[in-house]
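J.: Sequence and predicted structure are below.
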Amino acid sequence: MLGKDHRRTRVANAYFSLFMAVGNVLGFATGSYSNWFKILPFTLTSACNVSCANLKAAFIIDIIFILITACISLSAAHEQPLISRVTAPHSGEMSQGSSNHEAFLWELFGTFRYLPGTVWIILLVTALTWIGWFPFLLFDTDWMGREVYGGKPNEGTNYGTGVRMGSLGLMLNSVILGITSVLMEKLCRKWGAGFTWGLSNILMSLCFVAMLAIAAIRMNLNTDGHLPPDGVVIAALVVFALLGIPLAITYSVPYALVSTRIEALGLGQGLSMGVLNLAIVIPQIIVSLGAGPWDQLFGGGNSPALLIAAISAFASALIAILAIPRTRVEKTPRSIVQVPVFVN
């Protein structure tokens, strides 16, 4: 889709988000359905109860679709294989190719020396954004089962019901993600990519604060082990759905911003994506290692991690709005010429 125009990265990533949202809708719908054991009765055994059978059936369906998509990918993608270095006509060419291959990792880290200040800001915003996202992605259905439905794993049915309702919320999240992906290009052209990113992160922060408020309200309700009121559940589902808007932005805008600003350095599209992925992986490691002990420090539950997520998302929003140069679309009388103009 890009051709030789790196400015179309945002469009390509928007299509990626759209089709990923379609897959997520089907996947989360599979997880939220509780009667798979009736469709696939062989999954229900004396050693595997209804919940286990539903999970087993979902895994079987998952394996089938992975095999189908793998076959489609292998048959549809026509790639030109690299010439083996062993068959190179001169040993000098072989050693040069080997040297280039071995230097790739050093190229990736050496790229940081040439990055302009704007790219460092994008990397910082990306890191803070994903520090905000990972607690939600790790604990979303668990939060629904524990904080909203008041259940515990392997104790009663409330937790399992909450997890399935969380899957329904993630399905709604994916629907909104797909809709946002369709509208994203217009939003970015109107407001600028950095400003749109900042607004979406503010919405993400508010949603995390709303999750904290819902958990606090549910804790103050005396339900005596019964299911929570419908209003609490609906509020939680609305929050899950709204988080699809900033998630779509996160999947698209950072990659487009980095691509357009690294293109002038001549470092290559793959190398720019590798640099941005480092700003995603490092926060993931931090959250994965620290979220559990952080929650236990405050007595358990998911609220402490969500509080850090809300703060991180809001900080990233402020930096994105204030520090990333805005772009606008200029028009000429005869035709519309879209020229990205950076405004400090």
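T.: Looks like it came in fine.

J.: pLDDT of the helix ranked longest in the chain, averaged?
T.: In the chain, taking DSSP state H as the definition, the longest helix is helix 158-191. What helix 158-191 shows for mean pLDDT is 89.

J.: For it, which helices and strands make contact with it?
T.: helix 9-32, helix 117-143, helix 193-220, helix 230-242, helix 244-262 (3 or more C-beta pairs under 8 Å, 6 or more residues apart in numbering; DSSP states H and E). Glycine gets a C-beta too; all of them are placed from N, C-alpha and C.

J.: can you put these in TSV and add distance to Ala53 and mean neighbour count?
T.: Shown next, in TSV, are the helices and strands packed on helix 158-191 (distance: least, C-beta to C-beta, whole Å; neighbours: other C-beta atoms under 10 Å):
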stretch	distance to Ala53	mean neighbour count
helix 9-32	14	18
helix 117-143	18	21
helix 193-220	29	20
helix 230-242	25	18
helix 244-262	30	24
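
J.: neighbours around the closest residue to Asn35 other than its chain neighbours, how many?
T.: For Asn35, ignoring the flanking residues on the chain, the nearest one in space by C-beta to C-beta, 6 or more residues apart in numbering is Asn54 at 7.7 Å. For Asn54, the count of nearby residues is 26 (other C-beta atoms under 10 Å).

J.: okay but Asn54 is in contact with Ile39, surely?
T.: No - Asn54 lies out of contact with Ile39 (C-beta atoms under 8 Å); the separation is 9.9 Å.

J.: Now do the same contact list for the residue nearest to Asn35.
T.: Tyr33, Ser34, Asn35, Trp36, Phe37, Thr43 (C-beta atoms under 8 Å, 6 or more residues apart in numbering).

J.: Ile245 now?
T.: Contacts of Ile245 by C-beta under 8 Å, 6+ apart are Ile176, Leu177, Thr180, Ser200, Leu203.

J.: Can you name the two of these that sit furthest apart?
T.: Maximum pairwise distance in the contacts of Ile245, criterion C-beta to C-beta, is 13.0 Å, between Leu177 and Leu203.

J.: how about low-confidence regions in this protein?
T.: The model of the chain has pLDDT under 70 over residues 1-10, 79-110, 223, 263-272, 327-344.

J.: sorry, back to before: show me how to select, in PyMOL, the buried members of the contacts of Asn54.
T.: To isolate the buried subset of these in PyMOL, counting by 16 or more other C-beta atoms under 10 Å, use the following:
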select buried, resi 36+37+43
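
J.: which one of the contacts of Asn54 is nearest Val25?
T.: Tyr33 (12.6 Å).

J.: thinking again about what came up before, what residues do Asn54 and Ile39 have in common as contacts?
T.: With C-beta under 8 Å, 6+ apart, Asn54 and Ile39 have no common neighbours.

J.: Please look at Val125 and Ile319 and confirm they touch.
T.: Yes - here Val125 reaches Ile319: they are 5.2 Å apart, a contact under C-beta under 8 Å.

J.: if we can go back for a sec, make CSV from the contacts of Ile245 and add distance to Tyr114 to it.
T.: Formatted as CSV, the contacts of Ile245 follow (distance: C-beta to C-beta, whole Å):
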residue, distance to Tyr114
Ile176, 38
Leu177, 34
Thr180, 33
Ser200, 29
Leu203, 34
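
J.: so what's the backbone phi/psi at Lys152?
T.: phi -130, psi 150 (degrees, to the nearest 10).

J.: what's the burial count for it?
T.: Neighbour tally, Lys152, other C-beta under 10 Å: 11.

J.: Excluding chain neighbours, what is closest to it?
T.: Tyr159 (5.7 Å).

J.: Leu128 too?
T.: Ser316 (3.6 Å).

J.: Can you tell me the element the one you found falls in?
T.: Assessed by DSSP states H and E, Ser316 sits inside helix 303-323.

J.: in what helix or strand does Ile285 lie?
T.: Going by DSSP H and E, Ile285 is in helix 269-297.
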